[in-house]
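In: how would this look folded up:
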Amino acid sequence: MVEVKDITFTYRPGTGNVLQEISFALERNQSVAILGNNGAGKSTLLKCINRICAPQRGEVLIDGSSVSKMTRNEMARNISYVAQNNMSLNMTVFDAILLGRKPYITWDATAEDMGIVYKIIEKMQLADFALRNVSELSGGERQKVMLARALAQEPKLLLLDEPTSNLDPRNQHEVLRMVKAIAREHNIAVAIVIHDLNLAIRYCDRFLFLKDSRLFSFGGLESMTPENIEEVYQIHVHIIEHRGIPVIVPFPDVAVGGNYTAEESIALIS
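Out: Numbering: from 1, shown residues only. Got it, this is the predicted structure:
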């Protein structure tokens, strides 16, 4: 289990807290979407969990062990982080993904390490790029490589900061579907900063809303309500279902807070 307890963080004393007393727990196999407006502290929360930013108060526990007391190698075996903007690497795709096995390699990569990399490449559909230099790939292709490297790390917690931002619609669904499947297969907890609410509601199990530096709401599908979305994003929405798939439909021209039916909302913008 991953436990985030009372995380409070500010970049500079006296400027106000970016995060204020954030607490939640996540089981293995679960994916949580971290949601909120720009500047809500979503990426900062991931950095606090990953010890990139040191919170002024609070702690993060993974299976009861405090992240703050882990060595760098222990951290790498427990947490894998894919940042929003990744630099190009001057190496092949295969070698870049093999870097994910570094926390487990003492002298040289074993047959097991190589086998894990081959499986990840196959699952992420990167076989055609395996011997190409990462620097030659498109932004979306590089994003998939960085994600593959993180998965090869076999962490207990996978942190993804807007993993679909450089991907076309087909690859957005492909990547999130794979992340969910691999997380369940390998007992990995996943925290995803994501802006697309429809991707979040389709591929995540839990939903964490941040507002005004605080945790506004955290829960399962029952917490992904029009009321919560409207309060956090200040936009009127309806949630409908099409062939068993929930779909969030925004109505930006309709006043927030009105108890409109979907038909009334459509009529107001017609």
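
In: mind checking the SS state of Arg202?
Out: Under DSSP: H, G, I helix; E, B strand; the rest coil, the three-state class of Arg202 is helix.

In: can you count the residues close to the spatially closest residue to it that is not a sequence neighbour?
Out: Spatially, and ignoring its direct neighbours in sequence, Arg202 is nearest to Ile245 (6.5 Å; Cβ to Cβ, 6 or more residues apart in numbering). The C-beta positions use only the backbone N, C-alpha and C, and glycine is treated the same way. The local packing of Ile245 (other Cβ atoms under 10 Å) involves 10 other residues.

In: ranges for the helices of the stretch 1-150 of the chain?
Out: 42-49, 72-78, 93-98, 111-123, 139-152 (DSSP state H, counting those that start in this stretch).

In: CSV please, covering the ones you listed and showing distance to Gly16 and mean neighbour count.
Out: Shown next, in CSV, are the helices of the stretch 1-150 of the chain (distance: least, Cβ to Cβ, whole Å; neighbours: other Cβ atoms under 10 Å):
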stretch, distance to Gly16, mean neighbour count
helix 42-49, 13, 23
helix 72-78, 29, 15
helix 93-98, 39, 23
helix 111-123, 41, 15
helix 139-152, 32, 22
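
In: Those: which one's closest to Leu35?
Out: helix 42-49 (7.4 Å; Cβ to Cβ).

In: Which secondary structure elements does the closest one sit against?
Out: Where contact means 3 or more Cβ pairs under 8 Å, 6 or more residues apart in numbering; DSSP states H and E, helix 42-49 is packed against strand 2-9, strand 19-26, strand 31-35, strand 57-62, strand 157-161, strand 189-193.

In: switch to 6 Å and redo it
Out: Helix 42-49 sits against strand 157-161, with contacts defined as 3 or more Cβ pairs under 6 Å, 6 or more residues apart in numbering; DSSP states H and E.
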